[in-house]
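*Asks:* I'd like to go over a predicted model; first the sequence, then the structure.
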Amino acid sequence: MIQKLIRRLLNKKSAAGGQATILPLRKHGITRDRISPCALKVCEELRARRYAAFVVGGAVRDLLLGAEPKDYDVATDATPEQVRDVFRRSRIIGRRFRIVHVMCGRETIEVTTFRGQAAPAGGDEDEEDDDHRKSDSGRLLRDNVFGSQFEDAARRDFTVNALYYDPTKQEVWDYLHGMDDLKRGVMRIIGDAETRYREDPVRMLRAVRLAAKLDFKLDSATQKPIRALAGLLQDVPKSRLFDEMLKLFHSGHALASARRIREEGLHHGVLPLLDAILEQPMGERFITLALQSTDERVNAGKPVSPAFLFATLVWHEVLTRWEHYQTQDLRPLPALDAAMDDVIQTQVENLAIPRRYTAGMREIWSMQPRFLQRAGQRPFRLVESPKFRAGYDFLLLRCASGELDAQVGQWWERFQFADDEERNRMLIKDEAPARKRRRRGGKKPSAAVPAAD
């Protein structure tokens, strides 16, 4: 334990010599009033207890680019336990690296302690088990080594995310030329790219996602190892991959992100979901329209349903399996049920999609055959369904992509807003599926409401 403490102090001393370029307000233009009140309060409370406290990461990057940050992170030299003691409404979370969530009303600020360098190789490895663990492939399993602010900057992923804002003096601290990369529109990883990707393979997805979001180019050294190391994503917990996919598709740049991931070779055999999205000619237009629609909603500040999004992404996988089961003498609806089971099971295994989303996906898919039943009482019941809007929006994508006749979508557009008298005139009797006769020679029952001529 004593040797471990001495080694940490030596590492801290050797790394603490990094000098930051400190930019005054006139050089960067970020005033205090642009910072979240909650983030300001967290910084002020920590500084009142004589701890360092800076707004850091994506929030600083976005503010410098003139964008509004979605959330704020604060970095400090206080330990997680010390942060928790300062804020009554806070909690420590995480095992791989402990952080503190501080709650202010509906807003949550993520507070991290300055990360330090791991102890050098050699010596008694057991001494490092509690704080710093790696898998055989180099992936970080636990990383609770704390250090100086310079060390913390060096441990962050990209230079444009390693900028610190001091709200007291309204200064930006830059240790690693992040401002230069920001001005040049370059995503550059900090340190050796292969080592950093092995530590956390999700960084490869993040590099591509941020490059697409910011319309930046990847630095050559940052880009070079990605294709060769893509297989490392198979060892990442599936729940983390799902979270990263949500960020990617809810970034407001989903279409650009999907294309960039394919260009970098991250989709083959690593994320079968992206294979399904990008390698089916039948579904390419459908997926393009779905992602464009998602981007438009996100950028307009409208909510986006993950269930709807993932339902669109694998719909053509469902269609393929549905057709297959019908060739096996299954009737259409049981065939659709079997197809949905197959596709959902595959995606749950690969991406750990939560059940609350897979249930919504099934509902949207199950409604699609019902949109082609426009006789009797079926349309009346369908339009009253709580999930009608999601199923209808999905139908419109199918029509817009050419999968279905556009007139089907137009019919439902009119029907949902029509009164009962007009609805009765709109019904299309020929689309009502024939019922089985109960006994030999029995009569086929008539539709509940007669169709118009």
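*Replies:* Done, it's in.
*Asks:* where's Pro69, which helix or strand?
*Replies:* Pro69 belongs to no helix or strand when assigned by DSSP states H and E.
*Asks:* excluding sequence neighbours, find me the nearest residue to it.
*Replies:* Closest residue to Pro69 apart from its sequence neighbours, by Cβ to Cβ, 6 or more residues apart in numbering: Ala59 at 3.9 Å. (C-beta placed from N, C-alpha, C; glycine too.)
*Asks:* how near is the one you found to Arg331?
*Replies:* 55 Å (Cβ to Cβ, to the nearest Å).
*Asks:* the two: which is more packed in?
*Replies:* Neighbours were counted for Ala59 and for Arg331 using other Cβ atoms under 10 Å; Ala59 has more, 26 against 9.
*Asks:* report the contact partners of that one.
*Replies:* With contacts defined as Cβ atoms under 8 Å, 6 or more residues apart in numbering, Ala59 is in contact with 36, 39, 69, 71-73, 165.
*Asks:* which among these end up buried?
*Replies:* 36, 39, 69, 72-73, 165 (16 or more other Cβ atoms under 10 Å).
*Asks:* that older thread, tell me the one of the contacts of Ala59 nearest Ala211?
*Replies:* Within the contacts of Ala59, the smallest distance to Ala211 is 18.3 Å, found for Pro69 (Cβ to Cβ).
*Asks:* next secondary structure after the helix or strand His316 falls within?
*Replies:* Element membership for His316 (DSSP H and E) is helix 315-327. Using DSSP H and E, the helix or strand that follows helix 315-327 in sequence is helix 332-351.
*Asks:* specify the angle between that following helix and helix 315-327 in degrees.
*Replies:* 140 degrees (axes from the mean of the first three to the mean of the last three Cα atoms, to 10 degrees).
*Asks:* quick one: the strands in this structure, in order.
*Replies:* With DSSP state E, the ranges of strands along the chain come out as 21-23, 53-56, 73-76, 90-93, 99-104, 107-113, 132-134, 140-143, 163-166, 171-174, 186-187, 217-218.
*Asks:* now stretch 28-48, how far from the chain's geometric center?
*Replies:* With Cα atoms, centre = their mean, to the nearest Å as the basis, stretch 28-48 stands 27 Å off its chain's centre.
*Asks:* quick one: terminal-to-terminal distance for that stretch?
*Replies:* Separation of the first and last residues of stretch 28-48 by Cα to Cα, to the nearest Å is 26 Å.
*Asks:* ok, Gln117 to Pro80 distance?
*Replies:* For Gln117 relative to Pro80 (Cβ to Cβ), the value is 19 Å.
*Asks:* show me which of the two is the more surrounded one.
*Replies:* Pro80 (22 against 18).
*Asks:* ok, Pro237 - contacts?
*Replies:* Ala352.
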